[in-house]
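Peer 1: I would like the atomic coordinates for the input below:
(one chain, ligands or ions: 1)
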Amino acid sequence: MIRTRGLTRHFRVKGETVEAVRGLDIDVQEGELVAFLGPNGAGKSTSLRMLTTLLPPTSGSATVAGCDVLADPAGTRRNIGYLGQGNGAGNHFRVRDEVVTQGRCYGLSRAESRKRADELLAVLDLESLAGRQAGTLSGGQRRRLDIAIGLVHRPRLLFLDEPSTGLDPHNRANLWKHILRLREEHGITIFMTTHYLDEADTMAERVMVIDHGRMIADDIPENLKANLAGDGVTVTTADEADAGRSAEIAGRMPSAREVTVDAMTMSLRAPRGNALLPDLLRSLDAAGVRVLTAEVRRPTLDDVFLALTGRSLREGEGDR
Ligand SMILES: Nc1ncnc2c1ncn2[C@@H]1O[C@H](COP(=O)(O)OP(=O)(O)OP(=O)(O)O)[C@@H](O)[C@H]1O
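Peer 2: Numbers count the residues shown, from 1 in each chain. The predicted structure is shown next:
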């Protein structure tokens, strides 16, 4: 459904070259739901804009929904839906009219457009709002209207650029219910960016991580977490001396890595923390170390990013 080779985009800014996207190879199969992650400025939106024909690549190739984005941009656009970060609907237009108009723009007849609009408003729970002006909708309703607009021409592939940013947890969950239902009923392939790592983890079947314009990981979330991050094991002890001794003992265990001590707490990472913990506790007990609490924490995608780059994906998110 998506295949790129060496996809690259440079910008010239005040005589300097910004290498926004550097040689991306992307393969997405029909029906997949893929999350595209990366910190601010990593190149996500630039990649999406190239895949949706809004921006020509500097070099490299991309075939999207069966069409070459450079040779056949109109064909590409016919087969895809794109939900950008801004709102797709004008504030003063009425909800149903807006979807009908979009359908007309894609060449549907008036009757077909109306039928399609009614179908989409029903599936996205927007029927009761059909006559309202788009500007009066809540954030979550507005996002659902954007999805209706993006799907009016029955695309096989939907690009979502941060679909749930700015929505509260209830509205996020509701939006996802609708996206998953659409996917189940119509088998749409979804390629999305998101800043919510938990969302990528639970919703996406595959996660691609991009940093400084390059792909640095591409796998199912479980593999990324198990292979790159590992479990976090934390032990608190009765005093700092015990924490120091627990670090020495843990450091001798073959699967333990990144052993650190902070006051009375010793932390480490291990591929299977729950298997390591009983051994560790027995060794600590035998050495007379007084353990107060012990905990195994499953890794998150942020741990994966930290392991890959030494930085947290959450850095710089304060403004979101
Ligand atoms: N039109 C442009 N002109 C110049 N530089 C640009 C342009 N668009 C993007 N860039 C630069 O390219 C790099 C990648 O930007 P891009 O918007 O693709 O990142 P992103 O991963 O989507 O970030 P965010 O999460 O903040 O949306 C950044 O350094 C950005 O400043």
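
Peer 1: contacts and neighbour counts: CA atoms only from here.
Peer 2: OK.

Peer 1: So which elements touch the helix or strand where residue 115 lies?
Peer 2: Using DSSP states H and E, the element containing residue 115 is helix 110-123. Counting contacts by 3 or more CA pairs under 8 Å, 6 or more residues apart in numbering; DSSP states H and E, helix 110-123 packs against helix 95-105, helix 139-151.

Peer 1: I'd like these as CSV, with mean neighbour count appended.
Peer 2: Shown next, in CSV, are the helices and strands packed on helix 110-123 (neighbours: other CA atoms under 10 Å):
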stretch, mean neighbour count
helix 95-105, 22
helix 139-151, 24
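
Peer 1: Which stretch among the ones you listed approaches residue 1 most closely?
Peer 2: helix 139-151 (16.7 Å; CA to CA).

Peer 1: Give me the contact list for the closest one.
Peer 2: Residues from elsewhere that reach helix 139-151, judged by CA atoms under 8 Å, 6 or more residues apart in numbering: 81-83, 87-89, 95, 98-99, 102, 117, 120-121, 124, 126, 134, 158, 163-164, 166-167, 171-172, 175.

Peer 1: among the helices and strands packed on helix 110-123, which gets the worst mean confidence?
Peer 2: Ranked by mean pLDDT, those bottom out at helix 139-151, with a mean of 88.

Peer 1: Distance from it to the middle of the chain?
Peer 2: Centroid separation between helix 139-151 and its chain, computed with CA atoms, centre = their mean, to the nearest Å, is 18 Å.

Peer 1: Likewise for stretch 217-234?
Peer 2: Here the centre of stretch 217-234 is set off from its chain's centre by 16 Å, with CA atoms, centre = their mean.

Peer 1: What residues of it count as buried?
Peer 2: Buried residues in stretch 217-234, defined by neighbour count with 16 or more other CA atoms under 10 Å: 217-218, 220-222, 224-226, 228-234.

Peer 1: Strands of the stretch 101-250 of the chain, start to end?
Peer 2: With DSSP state E, counting those that start in this stretch, the ranges of strands along the stretch 101-250 of the chain come out as 157-161, 189-193, 206-211, 214-219, 231-237.

Peer 1: can I get those strands in TSV with mean pLDDT and distance to residue 51?
Peer 2: What follows is the strands of the stretch 101-250 of the chain, written out as TSV (pLDDT from 0 to 100; distance: least, CA to CA, whole Å):
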stretch	mean pLDDT	distance to residue 51
strand 157-161	92	9
strand 189-193	94	10
strand 206-211	95	15
strand 214-219	96	15
strand 231-237	96	36
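
Peer 1: how about those strands in CSV, adding distance to the ligand?
Peer 2: Formatted as CSV, these follow (distance: least, CA to the nearest ligand atom, whole Å):
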stretch, distance to the ligand
strand 157-161, 9
strand 189-193, 8
strand 206-211, 8
strand 214-219, 11
strand 231-237, 27
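
Peer 1: now for the lowest-mean-pLDDT helix or strand in the chain, which elements pack on it?
Peer 2: The helix or strand of the chain with the poorest confidence is helix 169-186; it has a mean of 84 (mean pLDDT, DSSP states H and E). Using 3+ CA pairs under 8 Å, 6+ apart, the elements in contact with helix 169-186 are helix 139-151.

Peer 1: Dump the helix it packs on to CSV, keeping only the CA atoms.
Peer 2: Extracted in CSV, the C-alpha atoms of helix 139-151 (Å, rounded to 0.1, in the frame of the first residue of the first chain):
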residue,chain,number,x,y,z
GLY,A,139,-13.0,19.3,19.4
GLY,A,140,-13.9,15.7,19.2
GLN,A,141,-16.9,16.3,17.0
ARG,A,142,-14.8,18.4,14.7
ARG,A,143,-12.2,15.7,14.4
ARG,A,144,-14.9,13.2,13.5
LEU,A,145,-16.2,15.6,10.8
ASP,A,146,-12.6,15.9,9.5
ILE,A,147,-12.6,12.1,9.2
ALA,A,148,-15.9,12.1,7.4
ILE,A,149,-14.5,14.6,4.9
GLY,A,150,-11.3,12.5,4.5
LEU,A,151,-13.3,9.4,3.7
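
Peer 1: And the helices and strands packed on helix 110-123: which comes nearest the ligand?
Peer 2: Nearest to the ligand among these is helix 139-151 (17.6 Å), distances taken as CA to the nearest ligand atom.

Peer 1: what does this structure have sitting close to the ligand?
Peer 2: 11, 13, 20, 38-46 (CA under 6 Å from any ligand atom).
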